[in-house]
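**Student:** Predicted coordinates and the sequence they were generated for:
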Amino acid sequence: MFNLPGVLLVDTGLAAMVLGGLSVLKPLRILGIHSRQAGMLLCLGGVGVVVAGMLLPAPVERVAGAGSDLDRAMPAWQFRERHRTHVNAPPEAVDRAIRAVSADDIRFFRTLTWIRSPRLRQADGGSILSPPSGPVPLLDVVLRSGFIAVSDRPAREIVLGTIVAGPVRTLRGERTAENFIRLDVPGFAKAAMNFAIEPDRAGGSELTTETRVYATDSGAARRFAAYWRVIYPGSSLIRYMWLRAIGQMAEGGRGGKRTGHKPCVWDGP
C-alpha cells in the first residue's frame, strides 16, 4: 500500500536533487530555475522528499490462501513486484526458455545491473550482478549467487529464494528450502522469486514472475524499504525484459522474431 507512493517520492526527490545540483553549477532557466540559490533549495527539497519516501511504513501483507508454490514459500511480505506476459508457445517450450535464457539475451541487463552495482572492471562472472558472457543460462548463475531452489515443478512453477539482508553467518543448519521458509529470526530480510506458467486454450501460455521480500522485524523492514524504493524502477525493468527474452526464445529461438505477442504487463509493487 505504501510502496508505490514511496517509490514515487524517492524518484521525484532524486530527480529534484539532480536538477537542483545542475542548477547550482548553472541555473536551468528553461525549467524556471533562475539562480543558484533556487537550485540549492530545489536540491535540498529533493533530499527531504527522498528521506520521506524512504521512511514511509511497509506493512505486512499476507495471502488469503496458498494457491501457488510461491504462496507456500512466502505467504507474507512487505515488498512485492509482479509482471506477466502471454507467450505463443506451450508451457514446455516456455519452461525450456526459462532455463536457457542468458544475460546476453536480456536487453539492458548488464547496463541496469551495473547501475545497481557500479564497478571499474568485470568481476569473475559468478554473480547475478556480473554474469558471464555467452550462452550461460542466467538461472544457473542465479543459483550460484546465493539463491536456492525452493521448489521446481517443470512447465508449472520455479521458486527461488535467498537472504538479502542480515547476519547470514550467524545462521545454523543447511541451506534448504525448509529452513528458508521457516526463517523468522529478527534482523533478516529474505526474498523469493518465481516463474509461473499457465497454459491457455489456444496452446499458448501465461507467464508471470513475482518477487516478494519479507523482513523479519520492523528495523529490517525500514532498512530494506530505503533500498527497495531506490532500486525498484531498475529491478522492475530487468524483470520486464527477462520475461520478454523468455518469450522470444520460447516462440522463435534465441534472437527470433515474435508474432502476435502481447506486451508484458506490470501488476504493481
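**Tutor:** Good, I have the coordinates. Predicted, not measured: the structure shown is a model, and the values here were computed from it. Residues are numbered from 1 along each chain as shown.

**Student:** wait, isn't R99 in contact with L139?
**Tutor:** Yes. Counting by C-beta atoms under 8 Å, L139 is a contact partner of R99 at 5.5 Å. (C-beta placed from N, C-alpha, C; glycine too.)

**Student:** quick one, which of these two is more surrounded?
**Tutor:** More crowded of R99 and L139, by other C-beta atoms under 10 Å: L139, with 19 against 16.

**Student:** what about the more buried one, distance to P186?
**Tutor:** 31 Å (C-beta to C-beta, to the nearest Å).

**Student:** give me the low-pLDDT residue ranges for the stretch 151-269 of the chain?
**Tutor:** 253-269 (pLDDT under 70).

**Student:** Can you tell me which helices and strands the helix or strand where G46 lies packs against?
**Tutor:** For G46, the host element (DSSP states H and E) is helix 36-55. If you count contacts as 3 or more C-beta pairs under 8 Å, 6 or more residues apart in numbering; DSSP states H and E, helix 36-55 packs onto helix 3-25, helix 218-252.

**Student:** Not counting its own residues, what contacts that helix?
**Tutor:** Contact with helix 36-55 is made by 5-10, 12-25, 27-28, 33, 222, 225-226, 229-230, as judged by C-beta atoms under 8 Å, 6 or more residues apart in numbering.

**Student:** residues making contact with the helix or strand following it?
**Tutor:** With elements assigned by DSSP H and E, the helix or strand that comes after helix 36-55 is strand 61-62. For strand 61-62, the external contacting residues (C-beta under 8 Å, 6+ apart) are 1, 75-78, 80.

**Student:** In strands only, show me those residues.
**Tutor:** Judged by DSSP state E, the subset of the contacts of strand 61-62 located in strands is 76-77, 80.

**Student:** Most neighbours of all the residues you listed, which one?
**Tutor:** W77 (21 neighbours).

**Student:** What helix or strand is the residue nearest to that residue when sequence neighbours are not counted located in?
**Tutor:** Residue nearest to W77 in three dimensions, not counting chain neighbours: R212, with 3.9 Å by C-beta to C-beta, 6 or more residues apart in numbering. Using DSSP H and E, R212 sits within strand 205-215.

**Student:** tell me the domain boundaries of the protein?
**Tutor:** According to automatic domain parsing, the chain comprises the domains 3-55, 61-266.

**Student:** now the first one, how far from the chain's geometric center?
**Tutor:** Domain 3-55 sits 25 Å away from the centroid of its parent chain (C-alpha atoms, centre = their mean, to the nearest Å).

**Student:** swap in stretch 94-110?
**Tutor:** The answer for stretch 94-110 is 15 Å, by C-alpha atoms, centre = their mean.

**Student:** list the buried ones in that stretch?
**Tutor:** 94-107, 109-110 (16 or more other C-beta atoms under 10 Å).

**Student:** Widest-spaced pair of the residues you listed?
**Tutor:** D95 and R110 (25.0 Å; C-beta to C-beta).

**Student:** ok, the residue nearest the centre of the chain - contacts?
**Tutor:** When C-alpha atoms, centre = their mean is applied to the chain, the residue found nearest the centroid is S235 (3.8 Å). Taking C-beta under 8 Å, 6+ apart as the criterion, S235 is in contact with 81, 116, 211.

**Student:** got these as CSV, with distance to A38 and neighbour count columns?
**Tutor:** CSV is the format used below for the contacts of S235 (distance: C-beta to C-beta, whole Å; neighbours: other C-beta atoms under 10 Å):
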residue, distance to A38, neighbour count
E81, 36, 22
R116, 32, 13
T211, 40, 21
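
**Student:** wait, which of these is closest to V150?
**Tutor:** For the contacts of S235, the nearest to V150 is T211 (12.9 Å; C-beta to C-beta).

**Student:** Would you mind confirming that that closest one makes contact with F195?
**Tutor:** No. Taking contacts as C-beta under 8 Å, T211 lies outside contact range of F195: 10.7 Å.

**Student:** Show me where the stretch 51-200 of the chain has its helices.
**Tutor:** 69-73, 91-100, 109-116, 138-144, 177-182 (DSSP state H, counting those that start in this stretch).

**Student:** Which one of those helices has the poorest average confidence?
**Tutor:** Lowest mean pLDDT within the helices of the stretch 51-200 of the chain: helix 109-116, a mean of 82.
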